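Asker: Sequence plus predicted model, see below.
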Amino acid sequence: MKKTYKIDVDCAACADKMERAASATEGVKACTVNFMTLKMKVEFEDGADPQEVMTKVRQNCKKVEDDCEVFI
Amino acid sequence: MSKKQIKNLVRILVTALIIAVLFAAPVTGVIRLIMWMAAYLIIGYDILIKAFKGIKNRQPLDENLLMSIATVGAIALAIYDKSGDYSEAVAVMLFYQIGEWFQGYAVGKSRKNISELMDIVPDYANIEAEDGGIEQVDPDEVEIGTVILVKPGEKIPIDGIVVDGNSSLDTAALTGESVPVDVKPGSEAVSGCINLNGLLRIKTTKEFGESTASKVLELIEDASSRKSKSENFITRFARVYTPAVVLAALALAVLPPLVLMLSGAAPVWGTWLYRALTFLVISCPCALVVSIPLSFFAGLGGASKRGVLVKGSSYLEILSEAKTVVFDKTGTLTHGVFEVVAIHPHEDMDKDLLLHLAAHVERHSTHPIANSIKKAYKNEHDSCRIEDVTEIAGRGITAKVNGDVVAVGNGRLMEQMGVAWHDCHKEGTIIHVAVNNEYAGHIVISDVVKPHSKQAISELKKNGIQSTVMLTGDKKSVAEGVASELGIDRVFSELLPQDKVSKIEELIAAKHSDKERVVFVGDGLNDAPVLSRADIGIAMGAMGSDAAIEAADVVLMDDDPLKIVTAISISRKCLRIVKENIWFAIGVKLGCLVLGAFGVANMWAAIFADVGVMVLAVLNAIRCMFV
C-alpha cells in the first residue's frame, strides 16, 4: 500500500536525511521524499498499520532533523 | 514570506546593524565583548539549540553542530589570543543565516510560481440547484452524467460533452497553445480549459479524479519524485562529503602540528586549529544539494507550461541524451486522416464531374476511402439517379448513375472490366474511375503530412539528433514518399505492430554507447508496447486520452510535431544547468578547502564562497523554468 503525506522541512540535504530515516523505519518498504513538492511517498510492508508506522516515521525523522514535520 | 522568514530577516538585519556599530564606534573592553556576544546569540541561538539536540540524538555530523563547533572555536581562539576580534564567528553565523534565508525564500518562491503554472484544476463545480439558482459544489462529489455550468472566465473542472451553449475554449493551460478552440453542443469539453465567452452546460463523462486536468496535475506532482541520476549522484556525494570534510578537519588540526613538533619547529597549534575550524564552516552540503532538485523541478514546470509533460526528472535526463528519434508515421507525422490530394481526369473528362461520379457511387459505403471522397465533394445528395450499386470486395464498387455504368475502384477492378487504365506518378492510394467501360481518370487519396513535420525534422537535426527513423505499417512506396518529403534518414515500412517493437529493439542494440538514447514518438493509440520499449516514449495529442498518458514517459498535450523539438531542447537546457551547478558548487567548495588548508582563505572567505556559490547555483537553477 502506498500513501502520500505532506511534510515540512527547510533544506534539501535534510529532506534526504528524512528519506533515509523513514526508509529505515520498521513497516516501511520504500520511501521517497520530494523536497520540491514537500511530499513524502511511503510504501508500507504488507499488514503494517500506516497510522502506527507513520508515528514512528515522524519520531525517526525528528531524530535526524529536529526542524521537520510530517503531517499524518 | 512566511512568519519564520520575516523573523529570520529581522535577526539578520539587527545583527548586521550591531556589526556596523561595532566597526564604526570606539567601544572597547568588556562592553565590546558583550556586544559581539549579543550579536552572536541573536543570529546563532537556534543553531546552538539544534546543535545541542544533535548531540542528544547522536547525530555527530549535524551541520548545526559543526557550525557551532566552528564558531565557538573561533571565539575561544580570539579570547585566547586576546585579539578582541570576534567578528569572524559572528560573520560566519550571519552569512550562514543569510544563505539559509535566501535558499528558503528562493525555493519557496519557485515552488509557488511553478505550482501556479500547474494550477489548472478548479476547486469547485457549478450545478443548477432545484430552485433554478447556481450552486457551487465540491467537484469530487459530481457524479458522471451530471450537467455542470461553466461561466465565461471559469475553468472547466470535469471532462464532458457540451449540451448547451457556444463558446471558445482557451486550452493554453493544457497544451501551451494560444489559439482558442470553438465548441458547440456535442463538442467535447476537456477539463482545465478556460471558457472564454459564452455560458456552457456540460454533461460530465468522467469523475473529477479521472478527468484530464486532475490526471495531468497528479502526473506533474509525481514527476519530481522519480529522481534522476544527477540527483542521486549529488545526494550520494553529500553523504560522503560531510564526514570526509570533518575527518580532514581533524587531521588538519592534529597532524601538521605533530609533524612540526617532531621536526623540532614550533607546533603553532592555534593556526592549525583555526584552519581546521575553517574546514567545518564549508562542511555543510546543503548548498550543493538544493540546486539540483530545484533545477529539475523548474525544468518540469517550464516544460508543462509549454504543453510538454515529462513524467519524471529521470526522463528529462534521458531525453537530453537523445541521439535517435523514431517516429510512427500515421497520426504522428501525418494527420492520420485520408484526403483527396489530386484528381487526374483522362482526356476530355472534367475534374469536378469525375469527383461527382465517384462520390455518387460511394454514396452508401462507409469505407475510409469512400468517406474521403464524399468529404472532397460536399454536395453529393443532388437529384442524380443512382441504381444497381454492387460492391466487389477488395476491388471497388459499380453503380448506374443517370443510366451510365460507373465503376470506381483499384486497378484490379479495371482489369476485371477490361478497361485500359494507367497508373499514377503520385504516391498514395489511387482510385480509378471508368464510365461505360471507358477509362475516365483517377483520384489520388493519401494521408496528409502535418504542416510542421518537415520543420520539426530539420530542427531536430540542428539540435544534435543524429538519426531520424520512421516506422509504418503502410506500403513501401507511400512510406518512402513521405520520408523523402520530410527528410527522414531511414524508413521501415509494411510493419505489423509487433515488428515495430523488434525494430526499436534492433535500433537500441545497434547504438554505440548507453548515452545514445533512442526516442520513440507515437500517437499513443496502438503503439503502447513500442512506447514502453524505447528508452523514452513520447505520446502526442494526448489531450483527453488516458491510454497515451499511461503508456508514455513524455506526453505532448497537442499533436504538433514541433513540440518534440521543444521537449528535447528543454531537457538539454535543464541538464546543462544541472551539470553547471554540480561542477561549479563542488569546484568552489574543494577550492575553498584547499585554500583554507594552506591558510590563504580565512573563515570570512570560506563562508562567503559557500553562501555565494549557493545563491548563484539557485539563481542558475531557476533559469530552467524559462524555456
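Answerer: Sure, I can see it.

Asker: Quick check: what element follows the longest helix along chain A along the chain?
Answerer: Using DSSP state H, we find that the single longest helix of chain A is helix A:50-64. Sequence-wise, the next helix or strand downstream of helix A:50-64 (DSSP states H and E) is strand A:68-71.

Asker: just checking, what packs against that following strand?
Answerer: If you count contacts as 3 or more C-beta pairs under 8 Å, 6 or more residues apart in numbering or on different chains; DSSP states H and E, strand A:68-71 packs onto strand A:2-9, helix A:12-23, helix A:50-64. To be clear about C-beta, it is placed using only N, CA and C from the backbone, and glycine gets the same treatment.

Asker: looking at these, which is closest to B:G612?
Answerer: Among these, the nearest to B:G612 by C-beta to C-beta is helix A:12-23 (17.8 Å).

Asker: Pull out the buried positions in the helix or strand following the closest one.
Answerer: Following helix A:12-23 in sequence order, the next helix or strand is strand A:28-34 (DSSP H and E). By neighbour count on 16 or more other C-beta atoms under 10 Å in any protein chain shown, the buried set for strand A:28-34 is A:28, A:31-34.

Asker: pLDDT of strand A:28-34, averaged?
Answerer: Average pLDDT, strand A:28-34: 90.

Asker: so what strands line up beside it?
Answerer: As defined by DSSP bridges, the strand partners of strand A:28-34 come to strand A:39-44 (antiparallel).

Asker: what angle sits between the strand it pairs with and helix A:12-23?
Answerer: Relative orientation of strand A:39-44 versus helix A:12-23 (axes from the mean of the first three to the mean of the last three C-alpha atoms, to 10 degrees): 20 degrees.

Asker: Send over strand A:39-44 as CSV, restricted to the C-alpha atoms.
Answerer: This file holds the C-alpha atoms of strand A:39-44, laid out as CSV (Å, rounded to 0.1, in the frame of the first residue of the first chain):
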residue,chain,number,x,y,z
LYS,A,39,5.7,15.4,0.0
MET,A,40,6.7,12.0,1.4
LYS,A,41,5.6,8.9,-0.5
VAL,A,42,5.6,5.9,1.7
GLU,A,43,5.1,2.3,0.6
PHE,A,44,4.1,0.1,3.6
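
Asker: Out of the helices and strands packed on strand A:68-71, which gets nearest to B:K215?
Answerer: Minimum separation from B:K215 across these (C-beta to C-beta) falls at strand A:2-9, 15.8 Å.

Asker: when you scan that closest one, is anything in it near chain B?
Answerer: No. Counting by C-beta under 8 Å from any C-beta of the partner chain, no contacts exist between strand A:2-9 and chain B, the nearest distance being 8.8 Å.

Asker: What is the subsequent helix or strand relative to the one helix or strand B:L590 maps to?
Answerer: Assigned by DSSP H and E, B:L590 belongs to helix B:562-597. Where DSSP H and E defines the elements, the next helix or strand beyond helix B:562-597 is helix B:603-622.

Asker: list the buried ones in that next one?
Answerer: Across helix B:603-622, burial judged by 16+ other C-beta under 10 Å covers B:603, B:605-611, B:613-618, B:620-622.

Asker: Quick check: residues of the stretch 1-150 of chain B near chain A?
Answerer: B:50, B:53-54, B:57, B:59, B:63, B:100, B:103-104, B:107, B:111, B:114.

Asker: Repeat the analysis, applying 7 Å as the threshold.
Answerer: Contact residues, the stretch 1-150 of chain B versus chain A (C-beta under 7 Å from any C-beta of the partner chain): B:50, B:53, B:57, B:59, B:103-104, B:111.

Asker: Could I have the buried ones of those residues as ChimeraX selection syntax?
Answerer: Buried members of the residues of the stretch 1-150 of chain B next to chain A, defined by 16+ other C-beta under 10 Å, are picked up in ChimeraX with:
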select /B:50,53,59,103,104,111
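
Asker: Next up, the contacts around the residue most central in space within chain A.
Answerer: Closest to where the C-alpha atoms of chain A average out (C-alpha atoms, centre = their mean) is A:A22, at 4.4 Å. Contacts for A:A22 (C-beta atoms under 7 Å, 6 or more residues apart in numbering or on different chains) come out as A:28, A:31, A:40, A:42, A:57, A:60-61.

Asker: Quick check: next helix or strand after the least confident helix or strand in chain B by mean pLDDT?
Answerer: Here the helix or strand of chain B ranked lowest by mean pLDDT, DSSP states H and E is helix B:546-551, holding a mean of 70. Heading C-terminal from helix B:546-551, the first helix or strand you meet, by DSSP H and E, is strand B:554-556.

Asker: now that next one: how far from the chain's centre is it?
Answerer: Taking C-alpha atoms, centre = their mean, to the nearest Å, one finds strand B:554-556 lying 8 Å from the centre of the chain it belongs to.

Asker: which helices and strands does that strand pack with?
Answerer: The contact analysis (3 or more C-beta pairs under 7 Å, 6 or more residues apart in numbering or on different chains; DSSP states H and E) places strand B:554-556 against strand B:308-310, strand B:536-540, helix B:562-597.

Asker: Could you measure from A:T55 over to A:C14?
Answerer: Taking C-beta to C-beta, to the nearest Å as the measure, A:T55 falls 20 Å from A:C14.

Asker: The two: which is more packed in?
Answerer: A:C14 (22 against 14; other C-beta atoms under 10 Å in any protein chain shown).

Asker: check contacts around the more buried one.
Answerer: A:65, A:68 are the contacts of A:C14 under C-beta under 7 Å, 6+ apart.

Asker: Which residue of chain B lies farthest from its centroid?
Answerer: For chain B, the C-alpha farthest from the mean C-alpha position belongs to B:G264; by C-alpha atoms, centre = their mean, that distance is 63.9 Å.

Asker: before we move on, the earlier item: now check the helix holding B:L590, is it near chain A?
Answerer: No. On the criterion C-beta under 7 Å from any C-beta, helix B:562-597 is out of touch with chain A, staying 12.0 Å away.

Asker: Report the buried residues of that helix.
Answerer: Within helix B:562-597, the residues that qualify as buried are B:562-575, B:577-578, B:580-582, B:584-585, B:588-589, B:592-593, B:595-597, counting by 16+ other C-beta under 10 Å.

Asker: quick one: pLDDT of B:I445?
Answerer: What the model reports for B:I445 is a pLDDT of 86.

Asker: now B:A542
Answerer: Note on B:A542: pLDDT of 63.

Asker: same thing with B:R275?
Answerer: On the pLDDT scale, B:R275 is placed at 90.

Asker: Can you report how many residues lie near the residue lying closest to B:K206 once chain neighbours are set aside?
Answerer: Nearest residue to B:K206 in three dimensions, chain neighbours excluded: B:D159, at 4.5 Å (C-beta to C-beta, 6 or more residues apart in numbering or on different chains). For B:D159, the neighbour count with other C-beta under 10 Å is 26.

Asker: Do I have it right that B:D159 meets B:F208?
Answerer: No. Checked against C-beta atoms under 7 Å, the pair B:D159 and B:F208 is beyond contact range at 9.2 Å.

Asker: residue farthest from the centroid of chain A?
Answerer: Most distant from the centre of chain A: A:G47, at 18.1 Å, with distances by C-alpha atoms, centre = their mean.

Asker: Please name the residues that touch that residue.
Answerer: Shown in contact with A:G47 (C-beta under 7 Å, 6+ apart): no residues.

Asker: What strand or helix carries it?
Answerer: Counting by DSSP H and E, A:G47 is part of no helix or strand.

Asker: how far away is it from chain B?
Answerer: Here the criterion is C-beta to the nearest C-beta, to the nearest Å. By it, A:G47 lies 25 Å from chain B.
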